[in-house]
Every structure is written in C-alpha cells, then in structure tokens.
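Engineer: model the structure of this input:
(one chain, ligands or ions: 1)
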Amino acid sequence: MRGRFITLEGGEGAGKTTAMRTISEWLASRGREAVITREPGGTPAAERIRDLLLNPETGPLTPMSELLLMFAARQENLAGIIRPALSAGTDVVCDRFTDASRAYQGAGRQLGAAAVETLADLVHPDLKPDLTLLLDVPVALGMERIRGRDGGPDRMEQNRPEFLERVREAYLRQAEREPERFVVIDAARPLPDVSAAIENALEEKWR
Ligand code: Z5A
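Structural biologist: Okay, here's the model as predicted:
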C-alpha cells in the first residue's frame with residue numbers, strides 16, 4: 001500500500017517549521033515511517049534550483065521562468081524522493097507542493113490557473129496529496145514574524161503586501177474548492193494551539 005502524502009502550505013511566517021515537527025512527531029508516535037522533504041528542493045539538483053530561485057543575486061525572473069523552475073525542482077523531488085518513498089509504503093511530508101505554485105505563480109505573479117494546471121498535469125497527473133494543511137495567517141502578522149530574520153529577505157520574500165494578499169486569497173479559495181483534501185488552520189494563534197489543531201486534523205483524517 002502506498003504511503004500517505006501530506007503537504008504543508010501557507011504564507012510567510014505562518015509557522016511551517018514547528019508544524020513540520022508536529023506532523024513528524026505525530027506520525028512517529030503512531031509507528032509510521034516518514035520522509036521529510038521541501039519545495040522547491042529535496043534532492044541535490046532541486047536544492048540547486050532552490051538556490052537559484054531564492055538567492056537575491058539571481059535578480060528578477062519572468063513569472064513563467066519562475067513557474068518552470070518550480071516544476072523542474074518538483075519533478076526532481078518527485079522522481080528522487082516522493083514517488084520512491086510512497087511506493088515503498090513510507091509516508092511523505094512535504095513543506096509546500098503544487099498548491100504553492102497555484103498561489104504564488106498563478107495568483108501572486110498573476111500567471112493564471114491554466115499554466116499551473118498544465119504543468120501539474122504533465123508532472124504529476126496521477127498524484128495529489130492525501131491531506132494538505134494550510135496554515136493561514138494575516139499577511140501583516142506573517143511579515144511581522146519574519147522581520148529581522150538573519151540574512152535578510154530572500155528573493156521571494158521581497159514581494160509586496162498586495163502580492164502576499166493575492167497568495168493568501170488563492171490558498172483559501174483552493175481550500176474551499178477541495179474541502180476533502182484541505183484543512184485550514186488558524187495560524188495567528190499561539191504555537192501550542194496551532195500544534196494542537198494540526199494534531200486534531202491528523203486524528204480526524206486517520207483516526
Ligand atoms: N514557492 C513558490 O513561489 N512556488 C512554489 O511552487 C513553491 C514555493 C513550492 C520558499 O518557501 C519560497 O518559495 C516561498 C514560496 C515559494 N516564498 N516565500 N517567501 P519556504 O517554505 O522555504 O519559505 P517561507 O515560506 O519563506 O518559509 P518561512 O518564512 O520560513 O515561513 P514559515 O516556515 O512558516 O516560518 P517559521 O520559520 O516557521 O516562523 C517564522 C517566525 O515566526 C519564527 O520566528 C517563529 O517562531 C514565529 N512564529 C511562527 N508561528 C508563530 C506563532 N503561532 N506564534 C508566534 N510566533 C510564531
């Protein structure tokens with residue numbers, strides 16, 4: 001039987017770092033083996049694409065190049081990590097996946113849904129997450145949380161609030177379209193409450 005495919009999504013400063021730990025610990029406490037990965041990234045080649053995408057030295061990219069690079073990294077992650085693990089019956093927890101392309105490139109960069117869905121159909125026509133946890137946080141609060149982080153903003157974090165509002169709205173609309181796959185978590189609450197909500201969502205899905 002294939003493993004469970006769990007993805008985590010949300011805007012900047014939503015608390016994905018703690019959430020990834022909460023999910024891993026919950027799976028481990030149920031004796032399930034899990035592989036952790038992230039997007040863009042995961043394999044050595046995909047991590048190099050990540051660096052290209054996030055390093056401010058890259059400078060501006062056309063939105064379409066950005067989208068294609070996200071999917072190039074995704075293809076590597078799928079081939080190198082996600083598909084082999086799921087086939088072996090191992091769970092996969094992925095920090096962002098195609099919903100991020102829908103939100104950031106489709107809505108944020110205003111490329112539209114068609115381009116993203118075309119690439120999704122090409123790269124993973126047969127696969128979608130079993131559960132997507134969307135950590136939802138107001139843009140201003142998320143930005144406040146990541147302000148002053150070491151190293152300054154990466155290339156994607158240099159986006160303006162209007163862009164981030166479009167990203168947030170797109171995530172919420174996607175969650176409305178697929179209520180059986182998404183659970184929206186109010187990530188404006190204190191971290192222990194967010195972790196408890198994540199554990200509840202996992203219990204509900206696989207009680
Ligand atoms: N991207 C894309 O455009 N298209 C795609 O297809 C994909 C990705 C896959 C890299 O993602 C970037 O790529 C991302 C989307 C884009 N763009 N940006 N920006 P990433 O996931 O690696 O980077 P990120 O979203 O910037 O992660 P982040 O800023 O690290 O967010 P986070 O993981 O949610 O933040 P955190 O480190 O967990 O928390 C930030 C701080 O807030 C930290 O000090 C926490 O202690 C604090 N925090 C978090 N939650 C709370 C609560 N509840 N209370 C109080 N304090 C909190």
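Engineer: tell me the secondary structure for Thr132?
Structural biologist: strand (DSSP: H, G, I helix; E, B strand; the rest coil).
Engineer: so which residues of the protein form helices?
Structural biologist: 16-29, 44-54, 63-77, 83-87, 98-100, 113-123, 139-146, 161-177, 191-205 (DSSP state H).
Engineer: can the first one be said to contact the ligand?
Structural biologist: Looking back up the chat, that one is helix 16-29. Yes: using C-beta under 6 Å from any ligand atom, helix 16-29 reaches the ligand at Lys16, Thr17, Thr18. Quick note: C-beta positions are derived from backbone N, CA and C, even for glycine.
Engineer: show the average pLDDT along that helix.
Structural biologist: In this model, helix 16-29 has a mean pLDDT of 97.
Engineer: how about it: buried residues?
Structural biologist: Lys16, Thr18, Ala19, Met20, Thr22, Ile23, Ser24, Trp26, Leu27 (16 or more other C-beta atoms under 10 Å).
Engineer: next to the ligand, which bits of the chain? Give me the list.
Structural biologist: 10, 12-18, 39-40, 70, 95-96, 100-101, 104-105, 145-146, 156-157, 187, 190-191, 194.
Engineer: which among these count as buried?
Structural biologist: 10, 12-16, 18, 39-40, 70, 95-96, 100-101, 104-105, 187, 194.
Engineer: got the angle between the helix or strand bottoming out on mean pLDDT in the chain and helix 161-177?
Structural biologist: Of all the helices and strands that make up the chain, helix 139-146 has the lowest average by mean pLDDT, DSSP states H and E, namely a mean of 93. Computed by axes from the mean of the first three to the mean of the last three C-alpha atoms, to 10 degrees, the angle separating helix 139-146 from helix 161-177 equals 110 degrees.
Engineer: mind giving me the packing neighbours of helix 139-146?
Structural biologist: helix 161-177 (3 or more C-beta pairs under 8 Å, 6 or more residues apart in numbering; DSSP states H and E).
Engineer: output the helix it packs on in PDB, but only the C-alpha positions, please.
Structural biologist: Output in PDB follows, covering the C-alpha atoms of helix 161-177 (Å, rounded to 0.1, in the frame of the first residue of the first chain):
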ATOM      1  CA  PRO A 161       1.900  43.100   0.600                       C
ATOM      2  CA  GLU A 162      -0.500  43.200  -2.400                       C
ATOM      3  CA  PHE A 163       1.300  40.100  -3.800                       C
ATOM      4  CA  LEU A 164       1.000  38.300  -0.500                       C
ATOM      5  CA  GLU A 165      -2.700  39.200  -0.200                       C
ATOM      6  CA  ARG A 166      -3.300  37.500  -3.600                       C
ATOM      7  CA  VAL A 167      -1.300  34.500  -2.400                       C
ATOM      8  CA  ARG A 168      -3.400  34.200   0.800                       C
ATOM      9  CA  GLU A 169      -6.700  34.600  -1.100                       C
ATOM     10  CA  ALA A 170      -5.700  32.000  -3.600                       C
ATOM     11  CA  TYR A 171      -4.800  29.400  -0.900                       C
ATOM     12  CA  LEU A 172      -8.100  30.000   0.800                       C
ATOM     13  CA  ARG A 173     -10.000  29.600  -2.500                       C
ATOM     14  CA  GLN A 174      -8.200  26.400  -3.300                       C
ATOM     15  CA  ALA A 175      -9.100  25.100   0.200                       C
ATOM     16  CA  GLU A 176     -12.700  25.900  -0.500                       C
ATOM     17  CA  ARG A 177     -12.600  24.100  -3.800                       C
END
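Engineer: no further questions, thank you.
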